[in-house]
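**Q** Just need the structure, nothing else, for what follows:
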Amino acid sequence: MNTQYERITELVERMKQDNPEVVALFLDRKLDDAALVAHLREHFSAVMQQHYPKAWAYYTGEEQTEQDYYKLMSISMAHLRMMDYLDHEGEAFEDGNLHGRKVVSQPITLLRKVLLGQDCSCSVDFVEDMAHLLAQLSGVEDRDIPPRSKVLEWMERHPSGLDQPVIAWRAKNKERIVELLVERIENQTKAGSFYHFKQGMTKIEKRKQVLLWWKEDRFHLHFAIRSADDLNRYLDYSMDEKTLGIMHEAEQKGIPIFATPYFLSLIDTRPLEQQERAHSDEAIRSYLFYSRDLVEEFGSIVAWEKEDIAKPGEPNAAGWLLPSHNVHRRYPNVAIFIPDTMGRACGGLCSYCQRMYDFQGGRFNFELEKLRPKKSWKEQLALNMEYFRNDPYLWDILITGGDAFMSSVKSLKTILDAVLTMAAQKIEDNKARSLEEQYAPMRRVRLGTKIPVYLPQRVTTELAQVLADFKKKAAMVGIDQCVVQTHVSSAMEVTPETKKAVRRLLDAGWAVTNQEVFTVAASRRGHSAKLRKVLNDIGVLPYYNFSVKGFKENRELFSTNARSTQEQVEESSIGQIAQRYHATIRTFMKDAQNMVEQIDSIRQGDEIPFISPDRNTLNLPGVGKSNTYRTIGITEDGRRILRFEFDHTRPHSKVIEDMGFVIVIESKSIARYLNQLSEMGENVSEYDTIWGYSAGSLEPRSPVFEGTTK
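**A** Model prediction:
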């Protein structure tokens, strides 16, 4: 408590030095709180109009394009935030992190109490955020964009799964895990298991047999780890007491654990002091280990994306009437298709998974035998295809789950064949319609998967052949883009096996794009930049960089939107594709086999380490996604309140247009986020400009994805 008091006292003195003029207004006892707000509004309105007209035009909405956003300097963005704070002073907001409890944003009232030395319920984190704001308003604290050389230096801190030292220690992990699997198979009691040793086999022969099975995806699924104690055992008892305790509690509470032997071999089990790069696998660990928040919230987690909740016969939150639970939809021209096959399962479980909401009701997608297609699936598939056929807007289908590649090859072929038939029928149906009445023909098919990370063995030659056959037939029915969308969040996930799986997909004619999840570990300086480079090296196009969604249950992993914007402006930007290449890159998706060479032609031509066609964004807790926001308030514990605009570059349903905006109250303060980085060994002074990023603008869609809508 004394430490907090001393820190607040220190911050108060800093504010008095950094911005004596504004602090004097707060200390003027002749003004009551309402008069102070009015006086501040008058003061900052005049200053903005006279000295920062671009910021004033942005504030009023007169000039609010992406180009206008990038004209905002640190000081003008601070004035914009102060005006938004004044406009919303005393306003109450529903906080999803507190199960809907209302919180009041009153930064002016609270800051005045702090400056006057009065009792205040606000935290040190709140005071620190406000101290930075006052420093930005006076120009004491400015924004220095790091040069490319600094970003390259940050990138070098993060190894790749293709680096020889990493491959070497992972090979030792594999040897150790293979020994455990030999022992497990020797001791299994289940009769008739496909994976068993023949009588009389020696230890060496058993080990060779397991190494052969290691190449099979179903072997890893069969022997996936499902308990906290087994997890610790396969990680060479390297889990610390706190983490193991949380995993035990998670298990007891019903949170599933599911990790394949292959994925566990990627975790560095050595003590930190023995690692070449401490915390290098932290982003991978973030999937695997649960947080105290998740365990405590499990049972009362609410769905983040409201459009995914639909009652039979009623439109969803986006206004769409859906044929079944298999279809999710947000936008007019694209729908998500989740088949009733093993595609509802995953090859592993990410701790931030949105399915945690479903898992609370015991609906686990890891009971693989129960997920085999039922007899009724054939009829259900036909029903869903009729929905696509008879919709005038839909031309893009994203087949996911779970994970599209968890479907058996046979099941996936059946689904893709049904898509081909439906696409051909759409074209045929249009022949009977006038030009004005034409329905949108199918143009794009995408498969959502994390298999290249969790279980690359599943990308077999048989699977690749099915995809190649579909690609050839798809062109004849108007489908000109076939895309596999992966979820890779760290260069450490890109292994030789992953590279081989991606190569097979590219050779099949399918472009591979990536959606990174921007966890705290993944948000470290240079981490996403390094990931983009390594993905480029193997022919993968970065597509989205997603902030972690969810309320308090995902607080541990959530990286603030200010950091996402900082990464967009200061790091991702060095990989921007020059406009002179825009015509060239529009052909990339259709020539997947040559993707590596195509990407290299731009990197070499502009001497850049990577191309960054991806967009930093957030799936909104309403409908859709965006990164166009302003900070309109702040809670007493320092959590920023953001107002997001929808992505105006794409069509929305009328329901979404009527919503106008979405309010997001972040689950943690910037100060708390920076403390987490410090615990990972980061020098937080390298993130100093983060405090000034209080507004964001969604980047335009890259021409390489022209027409992409999801």
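**Q** pull the longest helix from the chain.
**A** Of all segments of type helix in the chain, defined using DSSP state H, the longest is helix 164-187.
**Q** okay but residue 610 is in contact with residue 538, surely?
**A** No. Checked against CB atoms under 8 Å, the pair residue 610 and residue 538 is beyond contact range at 11.9 Å. All C-beta spots, glycine's among them, are computed from the backbone N, C-alpha and C.
**Q** okay, the two: which has more neighbours?
**A** The residue with more neighbours, out of residue 610 and residue 538 and counting by other CB atoms under 10 Å, is residue 610; that gives 23 against 20.
**Q** got the buried residues for the least confident helix or strand in the chain by mean pLDDT?
**A** Between all helices and strands in the chain, the lowest mean by mean pLDDT, DSSP states H and E belongs to helix 654-659, at a mean of 75. Of the residues in helix 654-659, 656, 659 count as buried by neighbour count, 16 or more other CB atoms under 10 Å.
**Q** One more: stretch 468-483?
**A** Neighbour-count burial for stretch 468-483, counted by 16+ other CB under 10 Å, picks out 468-471, 473-474, 477, 479, 481-483.
**Q** So which residues of the stretch 301-450 of the chain form strands?
**A** Listed in chain order, the strands of the stretch 301-450 of the chain (DSSP state E, counting those that start in this stretch) span 327-331, 334-337, 396-399, 444-448.
**Q** Tabulate those (CSV), appending mean neighbour count, distance to residue 605 and mean pLDDT.
**A** Formatted as CSV, the strands of the stretch 301-450 of the chain follow (neighbours: other CB atoms under 10 Å; distance: least, CB to CB, whole Å; pLDDT from 0 to 100):
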stretch, mean neighbour count, distance to residue 605, mean pLDDT
strand 327-331, 23, 34, 88
strand 334-337, 22, 33, 93
strand 396-399, 23, 31, 97
strand 444-448, 24, 28, 97
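**Q** With residue 315 as the reference, name the closest of the ones you listed.
**A** Across the strands of the stretch 301-450 of the chain, the minimum distance to residue 315, taken as CB to CB, is reached by strand 327-331, at 9.9 Å.
**Q** And the closest residue to residue 635 other than its chain neighbours, its phi and psi?
**A** On the basis of CB to CB, 6 or more residues apart in numbering, the spatially nearest residue to residue 635 that is not a chain neighbour turns out to be residue 103, at 5.2 Å. As for residue 103, its main-chain torsions (degrees, to the nearest 10) stand at phi -120, psi 150.
**Q** any idea how far residue 103 lies from residue 427?
**A** Using CB to CB, to the nearest Å, we find residue 103 at a distance of 53 Å from residue 427.
**Q** more neighbours, those two?
**A** Higher neighbour count among residue 103 and residue 427: residue 103, with 20 against 15, using other CB under 10 Å.
**Q** Extract the residue ranges of the protein that are flagged as low pLDDT.
**A** Filtered on pLDDT under 70, the chain yields the residue ranges 1-2, 191-192, 307-308, 368, 375, 622-623, 707-710.
**Q** quick one, domains of it?
**A** If you go by automatic domain parsing, the domain ranges for the chain are 2-143, 161-297, 306-705.
**Q** Tell me which of those domains lies nearest to residue 151.
**A** In this view, those are compared for proximity to residue 151 by CB to CB, and domain 306-705 is the closest at 5.3 Å.
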